[in-house]
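Peer 1: Sequence and predicted model, in that order:
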Amino acid sequence: MVIKLNFLTSFIITILSGMSTLIGCLILLNKSINYKKVLSNSLLFSSGVMLFISVFDLIPSSFLYINKIYDFIPSMAIIGVYVLFGGILVYTLDSKYKNNNKIYKIGIISMLTLIIHNIPEGIITFVSSSKDLSVGIPIAFSIALHNIPEGIAISVPLYYGDKNIKKAFLYTLCSALSEPFGAIIGYLFFYKIDYYFFGVILSFTSGIMIYLSIFELFIEGIKYKEKNFFYFLLGMIIILLSILLI
């Protein structure tokens with residue numbers, strides 16, 4: 001009974017962490033703002049968020065998992081291969097996705113990327129909370145904080161690319177729900193998930209996010225005269241603070 005209760009509590013924590021992604025949509029409620037300024041700065045902000053998460057969170061975490069199985073050099077080689085594979089995959093999807101609306105396409109790719117990113121986050125949050133709530137809750141809180149700018153990364157380009165606020169909300173919701181979906185996977189395979197799985201998923205996701213942050217979000221963000229590079233740094237700073245809270 002205690003184990004089931006702990007699992008239920010962990011699942012609720014994971015849901016709340018994932019749903020924080022929707023807070024990023026609130027920026028769309030302000031109709032009086034300069035859309036080009038918001039779009040440019042949101043793209044740069046999202047670029048900083050994704051780049052920092054990839055380089056200073058996902059890749060180091062991936063190394064910690066894989067290095068439990070392999071030595072230093074093989075671990076780095078495995079990570080490098082999957083980072084490269086992730087980048088090549090999103091480049092291929094980007095080139096194959098036929099849509100002349102560049103901003104809307106960035107929103108779609110961001111959503112798909114963050115869904116892949118959120119599933120292992122949901123697993124980690126659920127498993128860590130199930131084993132020890134004193135460990136799981138800070139992790140969930142940290143993830144919730146950096147889910148908010150991820151919501152901006154999805155909703156803003158989707159809205160300004162399509163002018164459909166309902167669609168922007170629903171697509172952002174899909175990303176938010178991927179975290180509790182990860183919790184379900186964690187529940188079903190609680191005793192079978194190994195270090196190598198986490199390491200590979202994290203390095204693969206980092207490759208996708210590095211490509212997206214540099215060649216999509218950043219490049220598109222600097223096209224506008226209203227750009228402010230402070231938001232690129234702000235995205236990095238916010239994620240740094242959320243990681244330090246763990």
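Peer 2: Done, it's in.
Peer 1: Need the residues that contact the helix-or-strand element of the chain with minimal mean pLDDT.
Peer 2: In the chain, the helix or strand scored least confidently by mean pLDDT, DSSP states H and E is helix 2-19, which has a mean of 80. The set of residues external to helix 2-19 that reach it, using CB atoms under 8 Å, 6 or more residues apart in numbering, is 118, 121-122, 125-127, 129-130, 133, 136-137, 140-141, 143-144, 147, 176-180, 182-183, 187. All C-beta atoms are positioned from the backbone trio N, CA, C, and that covers glycine.
Peer 1: For this structure, just list every one of the helices.
Peer 2: For the chain, the helices defined by DSSP state H occupy 2-19, 35-53, 59-66, 72-96, 102-131, 133-162, 165-188, 195-212, 219-221, 230-244.
Peer 1: In CSV, list the ones you listed along with distance to residue 28.
Peer 2: Output for the helices of the chain, formatted as CSV (distance: least, CB to CB, whole Å):
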stretch, distance to residue 28
helix 2-19, 17
helix 35-53, 9
helix 59-66, 31
helix 72-96, 24
helix 102-131, 12
helix 133-162, 5
helix 165-188, 6
helix 195-212, 21
helix 219-221, 17
helix 230-244, 17
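Peer 1: Out of those, the one nearest residue 26 is which?
Peer 2: Smallest distance to residue 26 across the helices of the chain (CB to CB): 8.6 Å, for helix 133-162.
Peer 1: now the angle from that closest one to helix 35-53?
Peer 2: 140 degrees (axes from the mean of the first three to the mean of the last three CA atoms, to 10 degrees).
Peer 1: Helix 133-162: which residues count as buried?
Peer 2: With burial defined by 16 or more other CB atoms under 10 Å, the residues of helix 133-162 counted as buried are 136-137, 139-162.
Peer 1: With that, I have no additional questions.
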